[in-house]
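>>> return a 3D structure for these sequence lines:
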Amino acid sequence: MSNHLVRVGAMGLVGQFRSPERTVYPRGRRVVVRTVRGVETGEVLAEPNGSEGAGEADGELLRLMTTEDELLAERMERRRDEAFAECNKLLTDRRLPVALMDVELLMDGQGLYFYFLGDVTPEVDALTSELAETYEATVQFRKFTNTLLEGCGPGCGTEEAKGQGGCSSCTGCAVASACKK
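Predicted coordinates:
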């Protein structure tokens, strides 16, 4: 099986991602991928053509972006903008000689990455640690993210799951497309 070429992350890294179901995703489509950093969004640059090596993949291509994924990505973007503004304010207030280039908050809420131009001094490192603690408020998104990734409960999408703490029907479930059927 060949891999898709997908661009991921704020820095636009390109990697090879394998689709477990051997689904072919068209060029230009937004997708959800699992990297070594966590769950991220990406853009398919090339479909598998059989000539790329079927060897080691850089991650797993989970699915096309759903409406729920897009809503989550918008929320994470707002949180990213807040973290960017707060970090710039703290850099200015503390007169630290470093330029913040970008902030990246992964889709799964697990990683908050700060990209600086210049040397990252111990003072800057302490500042980003402080911000990471502040934005550990991503816990409020984590439950929603887990639902998107795992479904609404044990056996999600199966007849046995009805009335067992999950939703009563996939037709009315907000994350029906994420169900593991």
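>>> which SSE is immediately downstream of the longest helix along the chain?
Taking DSSP state H as the criterion, the chain has its longest helix at helix 67-93. Helices and strands here follow DSSP states H and E; after helix 67-93, the next one along the chain is strand 99-105.
>>> start and end of stretch 107-119, how far apart?
Start-to-end span of stretch 107-119 (C-alpha to C-alpha, to the nearest Å) is 27 Å.
>>> Gly111: how many residues sit nearby?
By the other C-beta atoms under 10 Å criterion, the neighbourhood of Gly111 contains 16 residues. For the C-beta atoms, the positions are set from N, CA and C on the backbone; glycine is no exception.
>>> rewinding a little: just checking, what packs against the longest helix of the chain?
Helices and strands touching helix 67-93, as assessed by 3 or more C-beta pairs under 8 Å, 6 or more residues apart in numbering; DSSP states H and E, comprise strand 99-105, strand 112-117, helix 122-134, helix 139-150.
>>> now with 6 Å?
Secondary structure elements in contact with helix 67-93, counted by 3 or more C-beta pairs under 6 Å, 6 or more residues apart in numbering; DSSP states H and E, are strand 99-105.
>>> partners of the strand it packs on in the sheet?
Based on DSSP bridges, the pairing partners of strand 99-105 within the sheet are strand 112-117 (antiparallel).
>>> and the strand it pairs with with helix 67-93, angle?
Using axes from the mean of the first three to the mean of the last three C-alpha atoms, to 10 degrees, the interaxial angle of strand 112-117 with respect to helix 67-93 works out to 50 degrees.
>>> how far does strand 112-117 sit from its chain's centre?
Between the mean C-alpha point of strand 112-117 and the mean C-alpha point of its chain there is a distance of 16 Å (C-alpha atoms, centre = their mean, to the nearest Å).
>>> that one to helix 122-134, inter-axis angle?
Here the directions of strand 112-117 and helix 122-134 differ by 150 degrees (the same axes, to 10 degrees).
>>> buried stuff in strand 112-117?
Judged by neighbour count (16 or more other C-beta atoms under 10 Å), strand 112-117 contains these buried residues: 112-114, 116.
>>> surely Arg63 and Val33 touch.
No: with contact taken as C-beta atoms under 6 Å, Arg63 and Val33 are classed as non-touching, separated by 9.2 Å.
>>> about what we covered before: out of the buried residues of strand 112-117, who's nearest Val14?
For the buried residues of strand 112-117, the minimum distance to Val14 (C-beta to C-beta) is 17.5 Å, reached by Tyr113.
>>> about what we covered before: next one: the longest helix of the chain to chain centre, how far?
Taking C-alpha atoms, centre = their mean, one finds the center of helix 67-93 at 13 Å from the center of the full chain.
>>> ok, stretch 106-113 next?
On the basis of C-alpha atoms, centre = their mean, the separation between the geometric centre of stretch 106-113 and that of its chain is 6 Å.
>>> again with stretch 89-108
Its chain's C-alpha centre and that of stretch 89-108 lie 20 Å apart, by C-alpha atoms, centre = their mean.
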